[in-house]
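> starting from these lines, generate the structure:
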Amino acid sequence: MIVAFSVAPSGGPAAEDGSVHDAVAAAVRVVRASGLPNRTSSMFTELEGEWDEVMAVVKAATEAVAPFGTRVSLVLKADIRPGHSGEIDGKLARLERALGRD
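Here you go, the predicted model:
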């Protein structure tokens, strides 16, 4: 499965510029330390693995953000496709091939 998620604190002090980058960095450190295939963009972090391992990482990343505010917002989208792996890159490769046919 692939999960795209975004986690951010609220109700706490933000950086001087209003950013929550320190909190997001804490979450991304958890994701990267997991060893699961992942990538982070400006809006979401994608993570690939089995259901239980992916959800454990999402939970730990959410908990890593908690100290930065009085509450945490989590947005999550999942692509659950049993029997498939390597889709974090495979889906993009198929898209690029399709674009090349245009």
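> can you give me the helices in this protein?
Ranges of helices in the chain, per DSSP state H, are 21-33, 51-65, 87-100.
> nearest to L74, out of the ones you listed?
helix 51-65 (5.5 Å; Cβ to Cβ). All C-beta spots, glycine's among them, are computed from the backbone N, C-alpha and C.
> which other helices and strands contact the closest one?
strand 2-10, helix 21-33, strand 45-48, strand 71-79 (3 or more Cβ pairs under 8 Å, 6 or more residues apart in numbering; DSSP states H and E).
> which helices and strands does the second one pack with?
This means helix 21-33. Using 3+ Cβ pairs under 8 Å, 6+ apart, helix 21-33 sits against strand 2-10, strand 38-40, strand 45-48, helix 51-65.
> quick one: distance of the first one to the chain centre.
This means strand 2-10. 6 Å (Cα atoms, centre = their mean, to the nearest Å).
> how about the longest one?
Relative to the mean C-alpha coordinate of its chain, helix 51-65 is positioned 9 Å out (Cα atoms, centre = their mean).
> repeat for stretch 56-70
On Cα atoms, centre = their mean, the centre of stretch 56-70 falls 12 Å from that of its chain.
> what does that stretch contact?
3, 5, 7-12, 20, 22-24, 26-31, 34, 36, 45, 47, 49, 72, 74, 76 (Cβ atoms under 8 Å, 6 or more residues apart in numbering).
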